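starting from these lines, generate the structure:
(chains A and B)
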Amino acid sequence: MRFAITMFSLLGIASIIGTVLKQNEPYNDYIIKFGQFWFNIFEKLGLYNVYQAFWFLLILIFLIISTSLCISRNSPKILKDYKSFQDRIREKSLLAFKHSYQFKFEKFSTKKIISFLNLNNYKVKHKVIDGGDLIIAKKGDLQKLGYIFTHLSIVIISIGGLLDGNLVFKIQELTGVKQIQLEDQPLSEIPKSGKMSENNLSYRASILLSEGDTKTAAILRAKEGYLVQEIPFSITLKDFKIEHYSTGQPKSFKSNLLVTDKETGKSINKTISVNKPLTYKGVTIYQAAFEDGGSKLDLLVWNLNSSQPAVQMNSEIFKNNELTFERQKLTFEFNDFRNFNILDVIQNDEQKLKLKPTNVGPNFLYKVRNESGQAKEYQTFQLPIIVDDKYFFMSGMRNSPQEEFKYLKIPADHNLSIEGFMILKSLLNDPTKVKYAIDNGIKQSAFKNIEQKKAFELGTRNVINAFIKGGYDFVIRDMDLNIPQEASIIDKEKAIKTYINIIFLISQELINTYKENNKEKIIFPENDSPRFIQDALTAYSDSFFYGIPLYLELKDFKHVQASGLQLTKSPGKPWVYLGSILLVLGIFCMIYIQEIRLWIFKKKGSKNLIVSLATNRDRLDFDKEALKVRDQIKRITN
Amino acid sequence: MIEKIKEKFLKSYFALILAVLTAYAILKFNKFMDIYEIFILIGSTITFSWMAKVWPNFRDLFTSILLFSFISIFLYQGSLEQIELNFVLKYFLASQSAIMWMTALYPLSLTIYWIHLFTKQDFYGNLATRITWIATMIGFVGLLVRWYESYLIGIDVGHIPVSNLYEVFVLFCLITSLLYLHYEEKLKEKKLGAFVLIIITAAVGFILWYTFEKGADQIQPLVPALQSYWMKIHVPANFIGYGAFSIAAMISVAYLLKEKNILVKYLPELNILDEMTYKSISIGFIFFTIATILGAIWAAEAWGGYWSWDPKETWALIVWLNYAAWLHLRLIKGLRGSLLAWWSLAGLAVTTFAFLGVNLFLSGLHSYGEL
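I've put the predicted structure just below:
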């Protein structure tokens, strides 16, 4: 008993450790968290998967053994007690009971008393001792069995749990029959020691399937590697669907599966979802996760700081593309694509502006890694999103996953396309066109003399060049260099305003010239042109903070999803359920059934009757109960 | 006179009325229920009829809850806009208003229970009990109407309001007070309300903070993992457990005070306190066991395993082991007294961590109620 309680306490402590220390994380995360020294110690102790650790299983086994011993030691006595009537009791000990009463009786009929007791659910025995009558009665002796039920149930549940644990694998791993695989490799190259046969007693394996894919084996995660779990069928994912509530939260994940028996070749087609698994050949298939399954992306790569046209790029999620930019080899790593994105967006709802969750369309996530291995992460939306009543193309950049994305906001043009902005940035980066625009601008202005005109021309050219090379930041930096130190802040602000105005006017000039030459197509907004130009110039200026000035425009995509399935074989389940039923029954017996024993003794020739009651658990209400029984018997014998 | 007729009528026809309503619900709404939910409905009807039979006050509570819920639903006229337009809804019977009334009444009854404790006047005792009944009634109305409201948001959004931390806290207050009221009536002992209502008022404080600070009273649709009939039985069973354990802990506080000669004149006898602690823990234990088992069966269906050592599961096991040990000491070893009282008080800390702390500090599959 003491040993069992120690085991239970250990189990409790170990379990707490398992909840406090996040389990089954990549080992690298643990090294970062604890440092190499503690990492090694914790690993030896198996703290990263406590519940599969050898010592944890050992505790469970000891628990089973000690509880079993407990049962086998106590059961015979309990069963004997259960059957016995305790009829060898003496008068003296009867009188010593806490609930013992003596009273005079008028007429004594064993028959009457027995039938009364039977009516009250007592089991009764009658015995004659030295010519006197002893009636022994008892009820609620199921309570005693409660002890056996509860303890037996713990053993049964633990055995069920062990059946579903990976004890067999643990032994195979220790003896070297099986080895955890650490490298990614094709199924055919995995050695026999890295595979668990389909006869494996129990497992919880996973499969990640892209739409249209078929797989014939599952993966068992183990420590920092994996093993292959062979299964008696193949699974094809025909289709994966996510449904959403109108508020945007996911409503259901559904996988349409084709399960084909390897032996008979027979197939069944079924859609599974969370809470609705499929069981086939003793293996239950669950909907567990989802991710992108390698969506295909058609992209245009725009250099934001040049007049070059865009370059085409075709890729897919989980694929890398390489591109040489400014003599550096950049690697584009495409990580995720989401077709459906819910954001709170201001909507004009019945003449009222309201924040409303809205699907803003697809986005994709990628990293750009330079030769030295540093990467910036980008998140780009395909469609323009409404901000302050205007549409913008949003693309976020961050230097590390801990940061929030900082968004580049490119205004959409008249056709809600990014083309207008791209034309403007090309024009700005075309020196002949810029020179022409400046000349044109100057022509329209009046100057007092040629020096003033020259000075203005030079000033304008410097401002524009600074802007083109580095946005507003460069303009301000140049200004700080050129304007005398003692100039007041008000003067500086005035100058900045003038510069911004110049940049704006030149850009307008560039656009007007472009419009004259391309009359057949409207690209730039007609009625709100200034706002568009301002937004576009802000975006151009911000592009210098975009990490690498390459914008990826998503022209087209083919959405491919992948469904994460879990395959479970759990032969211990029925035992656990059986144990659970027994446990509830046992607790009920122990707590809610009260065992009462009752003796009625009439000594030969005596006019006195002794009524004694006993219960193994003294409760407050038993006092009343005992008095009630006494009074009833008084009444019968009167 | 009317009282008598009402009493007689309800006594004879309560079960029948419930059965008729159930039949009506099944006929009208069977398209929205699967076979298990129909069984749960019938099972609930039987349970409530039985409870009404053995506990007349529960029957009256249930009748009032039904009555007010129906009035409220009638006033909605199928549109959420009525919450703002209709006076009765806005100030009394809309789910949010009803729950706010509940949060006002529980602290009030706590105060009156303390007045009763010190004055020993029956008047205050009866008043406190009555207010607790009303708070419980209006709280249940709030939850039931919330259930209806969720369907008004969207037919696919509708679900039983036991799906997030806000809703289960309301449920916790209601179940705990109902359990307490039962003991109070059975043992004819009103003094302990002053202690039990403390924990309920604490929960009320949390609800208010959660509502006004975090806007947690918003009805959210169910994530796929929760879309199951199991939720309807797993969660309430669990909260009967949590509620009973909390009551046990609060009575233990009274026990320890009495033992240390504090408030001795005002508190019930030690053996009564001890008995009540035992009763609460045993009823809590059996429901907690059942709830954990039901949870395991549900997990086997939704997550692919009856036991995944998820933090919530693991802490449920620790809570279970804790009270199993308590019962062992008392039943097998026959231990009584202050050790067990301290233990049951410590049990509240463990239970609170399992109930709230896991959601706050640990992540896992049960992450429905993050703060």
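
next SSE after the helix or strand that contains A:F56?
Using DSSP states H and E, A:F56 sits within helix A:54-83. From helix A:54-83 onward toward the C-terminus, using DSSP H and E, the following helix or strand is helix A:91-95.

give the buried residues for the helix holding A:F56.
A:56-57, A:59-60, A:62-64, A:66-68, A:70-71, A:75, A:78, A:82 (16 or more other C-beta atoms under 10 Å in any protein chain shown). In short, each C-beta sits where N, CA and C put it, glycine included.

how far does that helix sit from the chain's center?
Its chain's average C-alpha position is 38 Å from that of helix A:54-83, according to C-alpha atoms, centre = their mean, to the nearest Å.

again, but for stretch A:230-250
Distance, stretch centre to chain centre, for stretch A:230-250: 16 Å (C-alpha atoms, centre = their mean).

how about it: buried residues?
Buried-residue list, stretch A:230-250, by 16+ other C-beta under 10 Å: A:230-231, A:233, A:235-237, A:240, A:245, A:247-248, A:250.

between these, which is nearest B:L222?
A:Y245 (8.9 Å; C-beta to C-beta).

now do the end-to-end distance for stretch A:45-57.
End-to-end span of stretch A:45-57 (C-alpha to C-alpha, to the nearest Å): 13 Å.

is that stretch positioned near chain B?
Yes: using C-beta under 8 Å from any C-beta of the partner chain, stretch A:45-57 reaches chain B at A:50-51.

cool, and stretch A:83-102?
No: using C-beta under 8 Å from any C-beta, stretch A:83-102 stays clear of chain B, with a minimum separation of 14.0 Å.

and for stretch A:203-220?
Yes: Stretch A:203-220 is in contact with chain B by C-beta under 8 Å from any C-beta, via A:R204.

how about the helices of chain A, start to end?
Under the criterion DSSP state H, chain A contains helices at A:2-20, A:27-45, A:54-83, A:91-95, A:110-119, A:142-164, A:167-174, A:419-428, A:431-444, A:450-482, A:489-517, A:529-542, A:573-592, A:620-637.

likewise for chain B?
B:2-29, B:35-54, B:56-76, B:82-85, B:87-88, B:95-119, B:122-153, B:165-187, B:193-214, B:230-259, B:270-302, B:311-331, B:338-352, B:358-361.

show the contacting residues for the closest residue to A:F504 other than its chain neighbours.
In space, A:F504 comes closest to A:I533 once its chain neighbours are excluded; the distance is 6.1 Å by C-beta to C-beta, 6 or more residues apart in numbering or on different chains. Residues in contact with A:I533, defined by C-beta atoms under 8 Å, 6 or more residues apart in numbering or on different chains, are A:424, A:504, A:507-508, A:511.

how about 10 Å then?
Going by C-beta atoms under 10 Å, 6 or more residues apart in numbering or on different chains, A:I533 touches A:411, A:420, A:424, A:503-505, A:507-508, A:510-511, A:524-525.

okay, the helices of chain B in TSV with mean neighbour count next?
Converted to TSV, the helices of chain B look like this (neighbours: other C-beta atoms under 10 Å in any protein chain shown):
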stretch	mean neighbour count
helix B:2-29	12
helix B:35-54	14
helix B:56-76	17
helix B:82-85	14
helix B:87-88	10
helix B:95-119	21
helix B:122-153	20
helix B:165-187	22
helix B:193-214	20
helix B:230-259	23
helix B:270-302	22
helix B:311-331	20
helix B:338-352	19
helix B:358-361	16
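
so which of those helices is nearest A:N40?
Here helix B:311-331 is closest among those (C-beta to C-beta), at 25.4 Å.

what's the angle between that closest one and helix B:230-259?
40 degrees (axes from the mean of the first three to the mean of the last three C-alpha atoms, to 10 degrees).

quick one, helix B:311-331 and helix B:270-302 angle?
150 degrees.

so which elements touch helix B:311-331?
With contacts defined as 3 or more C-beta pairs under 10 Å, 6 or more residues apart in numbering or on different chains; DSSP states H and E, helix B:311-331 has these neighbours: helix A:2-20, helix A:142-164, helix A:573-592, helix B:230-259, helix B:270-302, helix B:338-352, helix B:358-361.

then that helix to CSV, C-alphas only?
What follows is helix B:311-331, C-alpha atoms only, in CSV (Å, rounded to 0.1, in the frame of the first residue of the first chain):
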residue,chain,number,x,y,z
PRO,B,311,-1.8,19.3,-20.0
LYS,B,312,-5.5,19.4,-19.2
GLU,B,313,-5.7,15.6,-19.2
THR,B,314,-2.6,15.3,-17.1
TRP,B,315,-3.9,17.8,-14.6
ALA,B,316,-7.3,16.1,-14.5
LEU,B,317,-5.3,13.0,-13.5
ILE,B,318,-3.5,14.9,-10.8
VAL,B,319,-6.8,16.3,-9.4
TRP,B,320,-8.2,12.8,-9.5
LEU,B,321,-5.2,11.3,-7.7
ASN,B,322,-5.4,14.0,-5.1
TYR,B,323,-9.0,13.4,-4.1
ALA,B,324,-8.6,9.6,-4.5
ALA,B,325,-5.9,9.9,-1.9
TRP,B,326,-8.1,12.0,0.3
LEU,B,327,-10.9,9.5,0.1
HIS,B,328,-8.5,6.7,0.8
LEU,B,329,-7.2,8.3,4.0
ARG,B,330,-10.7,8.9,5.2
LEU,B,331,-12.4,5.7,4.1
